[in-house]
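Participant: make a model of this:
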Amino acid sequence: MASRKRLSPEESRSSALAAARELLIEAGPQAVTLKAVAARIGRTHANLLHHFGSASGLQKALAEHLAHSVCNTIGDAIRASRTGQGSPRQVVDLTFDAFDRGGAGALASWMLLTGNEDALDPIVETIHDLVDEIAPEEIAHHGGEATRVHRETLTLVLLALGDALMGAPLAQSLGLSREAMRERATEMLERSIGPQDQS
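Facilitator: Purely as a prediction, here's the structure:
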């Protein structure tokens, strides 16, 4: 029987987070336990305790991992959109997919339900950092413009979160297309990147 490959602490942690994300997407946030992740990667429960401290620590690390992954993807899409290589709809789709198929919406709701709200801090902080990074340089000198960008980011993220949690049944009950909320979010972004001096 071949011996297990010895992983560095960083590799072990990364492997555990990848497995946790798979479990989240496959079976929901309640499936993301130290025991399940350890079994998925062929490590011991004690090994994961060493890296994360507790199930809560694992979930917080997963939230941070998801946030960075999501925000890197969205940031790339926004930058591409600004240079004409992408579109507002691509930004919307990436954001909505991250919260829906990517599991961020399910994880966020689970954290709130289990009283682990501080596990959401990495998501909030990473989104804030993304907004500050992608905002035009002049935003630093124009408070009103910064407020507009922050408002639109808040709206987009909350629309994506709400859509992930109950978009499908609500759209169906209202006789709307499943794409209705994405279309509204796209309209918002298109207005945002259009000419701003309409006085």
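Participant: helix/strand/coil for the residue lying closest to Ile123 once chain neighbours are set aside?
Facilitator: Leaving aside its chain neighbours, Ile123 sits nearest to Ala67 (4.2 Å; criterion: Cβ to Cβ, 6 or more residues apart in numbering). The way it works is simple: take the backbone N, C-alpha and C, and place the C-beta from them, glycine included. What DSSP: H, G, I helix; E, B strand; the rest coil gives for Ala67 is helix.
Participant: and Ala67, what does it touch?
Facilitator: Ala104, Pro122, Ile123, Glu125, Thr126, Ile127 (Cβ atoms under 8 Å, 6 or more residues apart in numbering).
Participant: of those, which is the most crowded?
Facilitator: Ala104 (27 neighbours; other Cβ atoms under 10 Å).
Participant: right, and it touches Ser69 too?
Facilitator: No - counting by Cβ atoms under 8 Å, Ala104 stays clear of Ser69, with 9.1 Å between them.
Participant: got the buried residues for stretch 36-51?
Facilitator: Along stretch 36-51, these residues count as buried under the neighbour rule (16 or more other Cβ atoms under 10 Å): Ala36, Val37, Ala38, Arg40, Ile41, Arg43, Asn47, Leu48, His51.
Participant: JSON lines for these, including pLDDT?
Facilitator: Listed next are those as JSON lines, based on pLDDT from 0 to 100:
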{"residue": "Ala36", "pLDDT": "94"}
{"residue": "Val37", "pLDDT": "94"}
{"residue": "Ala38", "pLDDT": "93"}
{"residue": "Arg40", "pLDDT": "94"}
{"residue": "Ile41", "pLDDT": "92"}
{"residue": "Arg43", "pLDDT": "89"}
{"residue": "Asn47", "pLDDT": "87"}
{"residue": "Leu48", "pLDDT": "89"}
{"residue": "His51", "pLDDT": "88"}
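Participant: list just the nearest of these to Leu189.
Facilitator: The closest of the buried residues of stretch 36-51 to Leu189 turns out to be Val37 (Cβ to Cβ; 36.0 Å).
Participant: tell me the contacts of that closest one?
Facilitator: Applying Cβ under 8 Å, 6+ apart to Val37 gives the contacts Ala16, Ala19, Ala20, Leu23, Leu48, Leu58.
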